[in-house]
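J.: here's my sequence, what's the structure:
(one chain, ligands or ions: 2)
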Amino acid sequence: MPDKVLSGEGLRGQSAGSTAICTVGKTGTGLTYRGYDISDLAESADFEEIAYLLLKGKLPTQAQLDAYKTVLISYRGLPLALKLVLEQIPADAHPMDVMRTGCSMLGNLEQEHEFSEEYDKADRLLALFPAIICYWYRYSHHGVRIETYCDQDSLGGYFLKMLTDKSPSELHKRAMHCSLILYAEHEFNASTFAARVCASTLSDLHSCIATAIGTLRGPLHGGANEAAMAMIEQWQTADEAEAGILTMLANKEKIMGFGHAVYSESDPRNVLIKRWSKLLSEEADDAVLYAISERVETVMKREKGLFCNADFFHASAYHFLNIPTKLFTPIFVMSRLTGWAAHVFEQRAHNRIIRPSADYIGPEHQDWLPIDKRH
Ligand SMILES: CC(=O)SCCNC(=O)CCNC(=O)[C@H](O)C(C)(C)COP(=O)(O)OP(=O)(O)OC[C@H]1O[C@@H](n2cnc3c(N)ncnc32)[C@H](O)[C@@H]1OP(=O)(O)O
Ligand SMILES: O=C([O-])CC(=O)C(=O)O
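T.: Ligands and ions are numbered 1, 2, ... in the order given. Okay, the predicted model is just below:
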């Protein structure tokens, strides 16, 4: 693919501020969190270590990690008023709207009065997001009011347990650690930038996060993992998938899960989640979906020079974990909350209200017309 055009629409390539949290497309395999390479983090760490790294600025010691997990577990109780709101939301609501509403309602119940409370408010949201989505999902789809206290010590294990009532295997918990780490942070992507704009007005954390959730919802951003799933599951064979992609490209349709606003050659997260997708497909005895996904990747490279972004192989990986497609993007929220909150803290620490200019392209001066003279 040719180099990206770094100007014009979409603020592409223009610096909109500084950050010490993350680099995208600059060093190593192209993605670092506070100087650590994503492949080292995704292979070795628990997600909670990375949440700690992003929110508090350094990797925890074992004692700090244990204490942090204990705090997160203790924060898992959903307030009754929030449960009642979740019970009002219909089964056909968009799950990202459920996340946004859950975040907003918590902001009403447990307001952030002072910025000194920001770490605690972020930890509470981190602990509660899996409960918010699973409580709504199980109540609206199965009529079950689930217990949201649970001793699973990882966020991914906790989420899988609430979804199925069964304790997840070590393999599935490890897959979730990797996925959540890959999704945790990505510099000035659209949802993080939206959160920073909100933070720059000195608004509260819940408003910043609700803004970010609304921005992540779209299919050009976080919603692409669900859209990719909807696309690959319509095909029965790799040959059918190839024909389908060629038709879509001929019709100038966008192929979800491909391309990126910053990376021009590859997304370093793809190889990591793709490995998990393969492993999970073998465990699930799948002979179709992984093969289809690989063929789509090959055809897109051959035809358009486009590569998979983080979302494409997440679709099949989550499917093999038996996660309903409509919950894919809410998982992204559970993870990206850490990056969003870290950026809100950073923005607050060196704040100036974000207010760019626009190139005016409307009409020049027009004379005012009274209403009876207009047509
Ligand atoms: C975690 C994440 O949020 S990752 C992103 C998830 N989003 C998706 O997967 C949605 C599909 N992808 C896209 O829409 C885009 O690639 C984006 C939104 C990610 C990036 O957008 P941009 O930076 O504007 O794309 P870019 O400038 O690289 O586009 C170059 C060309 O490739 C085309 N292109 C880019 N992505 C795709 C795609 N997925 N399918 C088909 N064509 C594509 C563009 O239409 C453009 O063609 P044109 O010059 O004829 O108009
Ligand atoms: O950086 C972007 O534009 C989108 C992305 O990959 C992310 O937010 O993870």
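J.: spatially, what comes nearest to D151 if we skip its sequence neighbours?
T.: I73 (6.8 Å; CB to CB, 6 or more residues apart in numbering). (Glycine included, C-beta is placed from N, CA and C.)
J.: and what of S207?
T.: Nearest to S207 is C198, by CB to CB, 6+ apart, at 5.7 Å.
J.: burial of the residue of the stretch 201-350 of the chain found nearest ligand 1, as a residue count?
T.: Closest approach of the stretch 201-350 of the chain to ligand 1 (CB to the nearest ligand atom) occurs at G259, with a separation of 2.4 Å. By other CB atoms under 10 Å, the residues close to G259 number 20.
J.: how about K121?
T.: Using other CB under 10 Å, K121 has 22 neighbouring residues.
J.: if I look at it, what pLDDT would I see?
T.: Note on K121: pLDDT of 98.
J.: what of T29?
T.: At T29, pLDDT is 58.
J.: and what of M300?
T.: 98.
J.: also L272?
T.: 98.
J.: re the thing from before, in what helix or strand does the residue nearest to D151 lie?
T.: Assigned by DSSP states H and E, I73 belongs to helix 62-74.
J.: for whichever helix or strand comes after that helix, which positions count as buried?
T.: Once the chain leaves helix 62-74, the next helix or strand it forms, by DSSP H and E, is helix 80-88. Across helix 80-88, burial judged by 16 or more other CB atoms under 10 Å covers 82-83, 85-86.
J.: stretch 299-306 too?
T.: 299-300, 306.
J.: for A210, grab the count of nearby residues.
T.: A210, neighbours per other CB under 10 Å, totals 24.
J.: list the buried residues in stretch 311-323.
T.: 311-321, 323.
J.: between those residues, which is closest to E233?
T.: E233 lies nearest to H319 out of these, by CB to CB, at 7.7 Å.
J.: can you map out the strands along this structure?
T.: 22-24, 31-33, 36-37 (DSSP state E).
J.: most tightly packed of those?
T.: strand 31-33 (a mean of 25; mean count of other CB atoms under 10 Å).
J.: what about the stretch 1-150 of the chain, any weak spots by pLDDT?
T.: For the stretch 1-150 of the chain, the stretches with pLDDT under 70 are 1-8, 27-29.
J.: can you list the buried residues in the helix holding I73?
T.: In helix 62-74, counting by 16+ other CB under 10 Å, buried: 65, 68-69, 72-73.
J.: now swap in stretch 41-57 and tell me
T.: 41-42, 45-55.
J.: residues in contact with the residue most central in space within the chain?
T.: Nearest residue to the geometric centre of the chain (CA atoms, centre = their mean): F332, 2.8 Å. Shown in contact with F332 (CB atoms under 8 Å, 6 or more residues apart in numbering): 183, 216, 222, 225.
J.: what of L86?
T.: 78, 98, 101-102, 132, 135-136, 139.
J.: thinking again about what came up before, tell me which of the strands of the chain lies nearest to ligand 2.
T.: strand 22-24 (6.0 Å).
J.: wait, does the closest one contact ligand 1?
T.: No - Strand 22-24 stays clear of ligand 1 (CB under 6 Å from any ligand atom), getting no nearer than 10.8 Å.
J.: got the residues of this protein near ligand 2?
T.: 186, 189, 261-262, 309-310.
J.: neighbour count, distance to I354 and pLDDT added to those residues, as JSON lines?
T.: Output for those, formatted as JSON lines (neighbours: other CB atoms under 10 Å; distance: CB to CB, whole Å; pLDDT from 0 to 100):
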{"residue": "H186", "neighbour count": "23", "distance to I354": "18", "pLDDT": "98"}
{"residue": "N189", "neighbour count": "24", "distance to I354": "15", "pLDDT": "98"}
{"residue": "A261", "neighbour count": "18", "distance to I354": "18", "pLDDT": "93"}
{"residue": "V262", "neighbour count": "17", "distance to I354": "19", "pLDDT": "92"}
{"residue": "N309", "neighbour count": "22", "distance to I354": "26", "pLDDT": "97"}
{"residue": "A310", "neighbour count": "24", "distance to I354": "26", "pLDDT": "97"}
